[in-house]
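**Student:** the sequence and its predicted three-dimensional model are supplied below.
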Amino acid sequence: MPPSKWPGRSKKSRWKDEKLHKVKPVTTHKTKTLEAEVNEINNITYQSKRKLALTVRKLVHLVTGLLLLLLTYFIERDVLLVLIIAGSIIAFVTFRFKSWQLIHKTESKSLGTLFYPLGILLSFLLLVDLPLYYFQTALVVLTLSDPLANLSGKINTGNITFRIGKDKKSLFGLIAYSLSNFLVLAVFLPQALFTDVYFVVALLLLAACFELVSWRGSDNLSIPVGLALIFIFQHSQQPDFLFVSAVLIVVFAGTYLLNKLKLLTRNGSLAAGTLGFYLLVIAGWNWLLPVLFFFVSSVFFTRINPMRKKKKKPSGGRNFWQVLANILWALLSSLLYLATTNELFVFFFIASVAAVTADTWASEAGPLFNKRSFSLADRKMHEAGTTGGISFGGTLAALAGAFLVAAGAYFLFYQTWNLSIIGILTLAAFLACFVDTFLGAFVEEKLHQSAFFKKQVKPESFTPNDMVNLAGSFTAWVFYLLMHFLFL
């Protein structure tokens, strides 16, 4: 009879007796050995399936790429475009089908089989009006060089692994990729281009960048699209590629130092390096210098901010989203100007950079002059640096930062000063800074309580402060437009 059935026992006593008489399973050494063997067999089976899937996927990509290359010599571009679109649709439709997982799922988070047809399609569309050898070059680099880098990276003896973006890369993989690219350029580019040493060096360096910064299979997109953009730039602008190569080397060094000194995280420094390369090589000095002034002055005031030691220092510096939140509207303005040559976007650019400079100077330089600030949220005095707070010193710093950027940038673009326009740009930037403060006081805390932002806990996460900075700096465009129509 089990203890629970014994007569004359209380419920508590019966429960204790059952616990004492309960038979526990006996774990023997033989059982543990059997479990370990089963786990080892499962792991070997998984690795075998993964290697098979990777081999199948690489073969499919190789055959597909070589077949497309062959077709470029025999069929019209319109027909080729239809075939590429059809292949892209098949890849996206079958991505979730279990029967196609052997091709699609080499890793749980890889999207390489989606990026592959998309990269080919976008590069074809970008190069549709250019000589065919440009598309053929991009296609063969993707088809041959990229898989060769992957295979060489698996060599363990004497190899060195490192991480630029999120994925691990290897020295042998990079060398094999670059050597293969050199041979592809020699075969497919016309002699006039291939004998341009500076062009080839710059192209090899940029192609290496497209491979190194990729993650989750995005090199299947970044390599063909990136090469297509370089070919368009080369064909339309005929730039000095010695200068481009020198800028690339400087950007590499700068990106490394920004991360090493913990001014920016890895992704933040990559974003800053990409932005610097674009502004210097494509946009020009007059677009770069205002942004550079903003960044250098922000670092300086952040370093000497007396309240900085009291705050919890972010791990590794400012991240990708913080960089983007400060510079997105200025970057978009420059792109729109290059696409349209509309002077309005020059003023948008100046107002955007002046606004983020004003905001940063107010929060970082303001505490140098005032130890306390007035909070808009509860209308009380708090410690300087409080979100949503304003102070006399911070207000003066914001006005000074906005004016210096507005006046300096206007002179860079027009080699003169127009006090009316500079005044409007300064006021637009200052008002945008105040909007940022207002949003910080009344909106940012509510965003912190939302389900979306509660999940953003990683160092590279998008935060409510980034959202506030984006919204606040955008209003610089709005205020400039209003005052432009009212006073000019």
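**Tutor:** In hand now; what should we look at?
**Student:** can you give me the buried ones in whatever helix or strand residue 348 lives in?
**Tutor:** Assessed by DSSP states H and E, residue 348 sits inside helix 344-364. Residues of helix 344-364 classed as buried: 345-364 (neighbour count, 16 or more other C-beta atoms under 10 Å). To be clear about C-beta, it is placed using only N, CA and C from the backbone, and glycine gets the same treatment.
**Student:** mind giving me the packing neighbours of that helix?
**Tutor:** Applying 3 or more C-beta pairs under 8 Å, 6 or more residues apart in numbering; DSSP states H and E, one finds that helix 344-364 contacts helix 285-304, helix 320-340, helix 392-414, helix 419-442, helix 464-487.
**Student:** report the angle between that helix and helix 464-487.
**Tutor:** In terms of direction (axes from the mean of the first three to the mean of the last three C-alpha atoms, to 10 degrees), helix 344-364 departs from helix 464-487 by 130 degrees.
**Student:** after helix 344-364, which helix or strand is next?
**Tutor:** strand 372-375.
**Student:** so what strands line up beside that following strand?
**Tutor:** Applying DSSP bridges to the sheet, strand 372-375 is found paired with strand 381-383 (antiparallel), strand 389-390 (antiparallel).
**Student:** among the ones you listed, which is nearest residue 441?
**Tutor:** strand 389-390 (7.7 Å; C-beta to C-beta).
**Student:** tell me which residues are up against the closest one.
**Tutor:** Under the contact criterion C-beta atoms under 8 Å, 6 or more residues apart in numbering, strand 389-390 has outside partners 373, 374, 375, 376, 382, 434, 437, 441.
**Student:** go ahead and build a PyMOL selection from the buried members of these.
**Tutor:** Selection of buried members from these for PyMOL, criterion 16+ other C-beta under 10 Å:
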select buried, resi 373+374+375+376+382+434+437+441
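**Student:** related to what we said a few turns ago, minimum distance to residue 189: which of the helices and strands packed on helix 344-364 has it?
**Tutor:** Short answer: helix 320-340, nearest of those by C-beta to C-beta, at 26.2 Å.
**Student:** buried ones in the closest one?
**Tutor:** 320-334, 336-337.
**Student:** can you list the helices and strands packed on helix 344-364 in TSV and add mean pLDDT and distance to residue 203?
**Tutor:** Below are the helices and strands packed on helix 344-364 laid out as TSV (pLDDT from 0 to 100; distance: least, C-beta to C-beta, whole Å):
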stretch	mean pLDDT	distance to residue 203
helix 285-304	90	23
helix 320-340	92	22
helix 392-414	92	30
helix 419-442	91	39
helix 464-487	90	35
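**Student:** to residue 216, which of those lies closest?
**Tutor:** Going by C-beta to C-beta, the one of the helices and strands packed on helix 344-364 nearest residue 216 is helix 320-340, 15.5 Å.
**Student:** check the offset of whichever helix or strand residue 235 is part of from the chain's centre.
**Tutor:** In this assignment (DSSP H and E), residue 235 forms part of helix 219-237. Relative to the chain's own centre, helix 219-237 is displaced by 18 Å; criterion: C-alpha atoms, centre = their mean, to the nearest Å.
**Student:** re earlier: the helix holding residue 348 to helix 392-414, inter-axis angle?
**Tutor:** Using the same axes, to 10 degrees: helix 344-364 against helix 392-414 is 150 degrees.
**Student:** where does the protein have low pLDDT?
**Tutor:** 1-56, 97-110, 306-316, 370, 377-378, 382, 384-386, 388, 456-457 (pLDDT under 70).
**Student:** how about residue 460, what does it touch?
**Tutor:** Listed by C-beta under 8 Å, 6+ apart, the contact set of residue 460 reads 265, 267, 319, 320, 321.
**Student:** so it: helix, strand or coil?
**Tutor:** coil (DSSP: H, G, I helix; E, B strand; the rest coil).
**Student:** distance of the residue nearest to it when sequence neighbours are not counted from residue 258?
**Tutor:** In this structure, residue 460 finds its nearest non-sequential neighbour in residue 319, 4.8 Å apart by C-beta to C-beta, 6 or more residues apart in numbering. Distance from residue 319 to residue 258, counting by C-beta to C-beta, to the nearest Å: 12 Å.
**Student:** and the closest residue to residue 337 other than its chain neighbours, what does it touch?
**Tutor:** With sequence-adjacent residues excluded and distances taken as C-beta to C-beta, 6+ apart, residue 337 is closest to residue 345, at 3.8 Å. For residue 345, the contact set (C-beta under 8 Å, 6+ apart) comprises 333, 334, 336, 337.
**Student:** now residue 227
**Tutor:** 123, 137, 138, 141, 203, 206, 207, 210 are the contacts of residue 227 under C-beta under 8 Å, 6+ apart.
**Student:** surely the fourth one and residue 226 touch.
**Tutor:** So the one you mean is residue 141. No: if you go by C-beta atoms under 8 Å, residue 141 and residue 226 don't touch, sitting 9.9 Å apart.
**Student:** surely residue 119 touches residue 223?
**Tutor:** Yes: counting by C-beta under 8 Å, residue 223 is a contact partner of residue 119 at 6.8 Å.
**Student:** need the overlap of contacts for those two.
**Tutor:** Common neighbours of residue 119 and residue 223 (C-beta under 8 Å, 6+ apart) are residue 142.
**Student:** number of residues surrounding residue 444?
**Tutor:** 20 (other C-beta atoms under 10 Å).
**Student:** once you drop chain neighbours, what's closest to it?
**Tutor:** residue 464 (4.7 Å).
**Student:** counting neighbours, what do you get for that neighbour?
**Tutor:** Neighbour count of residue 464, defined by other C-beta under 10 Å: 21.
**Student:** ok, it - contacts?
**Tutor:** 443, 444, 445, 447, 448, 453.
**Student:** go again with 6 Å.
**Tutor:** With contact taken as C-beta atoms under 6 Å, 6 or more residues apart in numbering, residue 464 is in contact with 444, 447, 448, 453.
**Student:** any of those residues buried? List them.
**Tutor:** Among these, those buried by neighbour count (16+ other C-beta under 10 Å) are 444, 447, 453.
**Student:** wait, which of the residues you listed is closest to residue 172?
**Tutor:** Closest to residue 172, out of all of the buried ones among the contacts of residue 464 and judged by C-beta to C-beta, is residue 453, at 42.0 Å.
**Student:** can you pull the contacts of the closest one?
**Tutor:** Residue 453 makes contacts with 447, 464, as judged by C-beta under 6 Å, 6+ apart.
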